[in-house]
Structures are given as C-alpha cells and as structure tokens.
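Visitor: What would the 3D arrangement of this be:
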Amino acid sequence: MVSILDTIVSVWITQQITLRTIQHLYMFSIALIISIFIGVALAILVYNNPKIANAWFNFLNVIETIPELALFIFLLPILGLGEKPTIAACVLYSILPIMRNTYTGLAYVSKEYVEIATAIGLTKNEILLRIRLPMALPLISGGIRIAVVYIMGIATLGGLIAAGGLGVPLQAGIYRYDIPAIIIAAIWVGSLGVLFDFIAWIVENRLARRYNPW
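Guide: Residues are numbered from 1 along each chain as shown. A predicted model of the protein is given here:
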C-alpha cells in the first residue's frame with residue numbers, strides 16, 4: 001500500500017499533474033463557455049426557420065465526421081501550436097449537441113403555452129425569454145452535458161500540439177513506456193470526466209423537474 005502511494009506521489013510530482021490539471025480545466029472552461037454561447041445563440045436565431053436550421057446542422061454534422069487529429073492539422077496553419085487550436089477544436093465539436101438540443105427545446109414548446117402567452121399580450125421576444133427558453137432549459141442542459149464529455153476528451157489530445165493539459169503526462173508515459181504514469185494519468189482524466197458528467201447530470205435532472213413541460 002505504501003509503495004503504491006509512493007508511486008502515485010512520485011508520478012504526480014514528476015509529471016506535474018496539478019499544473020496539467022489547471023491547464024486542462026482552463027481549456028475545458030473556455031471551450032465550454034464559447035460552445036454554450038454559440039450553440040444557444042445559433043439556435044435562437046434559427047428556431048423559427050427549419051431550412052436554415054437544417055443547413056447549420058448539416059454543416060456541423062460534417063465537422064463531427066472529421067477525426068480529431070485531422071481537425072488539429074487543419075487548424076495548425078491558422079492558429080499555430082498551443083491552446084488556441086485545442087480550444088477551437090473543442091468548440092467546433094461541441095456546438096452541435098448544444099445547438100440541436102436548444103433548437104429542439106425552443107421549436108417544440110407546446111403550442112398551448114405559446115397561445116396563452118400571445119393571448120395575454122406577450123411579444124415574440126417576451127415569449128422567447130419567458131416561455132420558450134425556460135422550458136427548453138432541460139434539453140439545453142442535456143446538450144451541454146454531451147459537450148462536457150466531448151471537450152474533456154478532445155482537450156486531452158491537446159498535448160500533441162503543445163497545449164499542455166492532462167494529455168501531456170499520458171503521452172509522456174506512452175513515449176517512455178512508463179506504465180504507472182499512464183495508469184495514473186488515465187485514471188485521473190477519466191475521474192474528472194465522470195465527475196463533470198455527474199455534475200451536469202444533476203443540473204439536467206433538477207432543471208427537468210422544474211421546467212419539464214412534457
């Protein structure tokens with residue numbers, strides 16, 4: 001038991017896991033915030049126009065089919081090495097689930113609610129802010145939960161292009177065939193992913209209980 005703890009401490013210090021975690025969470029946070037802003041904004045702009053919405057969904061679906069490493073290669077000449085292409089890749093992959101869920105939540109609110117709101121004199125924008133968005137929150141949070149998983153995984157690949165983060169100790173361990181470093185880094189990355197997914201699940205369930213109109 002003591003030797004296991006000594007190994008964990010040794011790997012944690014030599015691989016700078018604390019620093020790499022901070023770098024990882026920084027990229028994760030920035031990418032998630034940008035993805036939420038863009039995804040929700042796009043859905044608000046197109047929820048009344050299915051044709052334009054489908055065009056956006058088709059475009060984002062094409063991006064989803066591009067392998068992560070290939071997307072990094074496309075972004076490198078534009079953004080260079082480091083955090084910027086990593087964050088950009090995370091955002092590009094994460095917009096779709098947020099936009100799709102937001103669009104679904106906004107476009108398919110029960111007509112009864114909209115008719116009642118219209119009858120009492122609410123404008124289109126007021127209906128959006130007071131009726132559609134609150135009722136769409138459970139679905140929006142579900143899309144954000146998917147994005148959380150995407151971003152946590154893609155940010156790990158950022159170590160390949162000098163972005164730092166928790167991909168660095170994983171890659172160093174693989175390069176040196178350092179099994180303890182590989183296992184500890186993989187478990188830590190996986191644990192963070194599970195933790196953030198669990199937090200997102202709690203938020204999604206609470207919003208569903210409060211706003212679920214179905």
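Visitor: Just the buried residues of the helix ranked longest in the chain, please?
Guide: The residue-count maximum for a helix in the chain (DSSP state H) belongs to helix 179-211. By neighbour count with 16 or more other Cβ atoms under 10 Å, helix 179-211 contains the buried residues 181-182, 184-185, 188-189, 192-193, 196, 200, 203-204, 207, 211. Bear in mind the C-beta positions are built from the backbone N, C-alpha and C, glycine included.
Visitor: Contacts only, for the most centrally placed residue in the chain.
Guide: For the chain, Ala147 is the residue whose C-alpha lies nearest the centre (Cα atoms, centre = their mean; 2.6 Å). Ala147 makes contacts with Leu32, Ser35, Ile36, Gly39, Ser94, Pro97, Ile98, as judged by Cβ atoms under 8 Å, 6 or more residues apart in numbering.
Visitor: now Pro180
Guide: Counting by Cβ under 8 Å, 6+ apart, Pro180 has contacts Thr7, Ile8, Ser10, Val11, Gly173.
Visitor: With respect to Pro85, which of those is nearest?
Guide: Distances from Pro85 to these, taken as Cβ to Cβ, are shortest for Gly173 (23.1 Å).
Visitor: I'd say that closest one and Trp188 touch.
Guide: No: shown here, Gly173 and Trp188 do not form a contact pair, counting by Cβ atoms under 8 Å, at 11.7 Å.
Visitor: want to throw the contacts of Ala147 into JSON lines with neighbour count and distance to Thr123?
Guide: Converted to JSON lines, those look like this (neighbours: other Cβ atoms under 10 Å; distance: Cβ to Cβ, whole Å):
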{"residue": "Leu32", "neighbour count": "24", "distance to Thr123": "32"}
{"residue": "Ser35", "neighbour count": "27", "distance to Thr123": "29"}
{"residue": "Ile36", "neighbour count": "19", "distance to Thr123": "25"}
{"residue": "Gly39", "neighbour count": "26", "distance to Thr123": "24"}
{"residue": "Ser94", "neighbour count": "28", "distance to Thr123": "32"}
{"residue": "Pro97", "neighbour count": "22", "distance to Thr123": "30"}
{"residue": "Ile98", "neighbour count": "29", "distance to Thr123": "26"}
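Visitor: Of those, which pair is most distant in space?
Guide: Maximum distance among the contacts of Ala147 (Cβ to Cβ): 11.7 Å, for Leu32 and Pro97.
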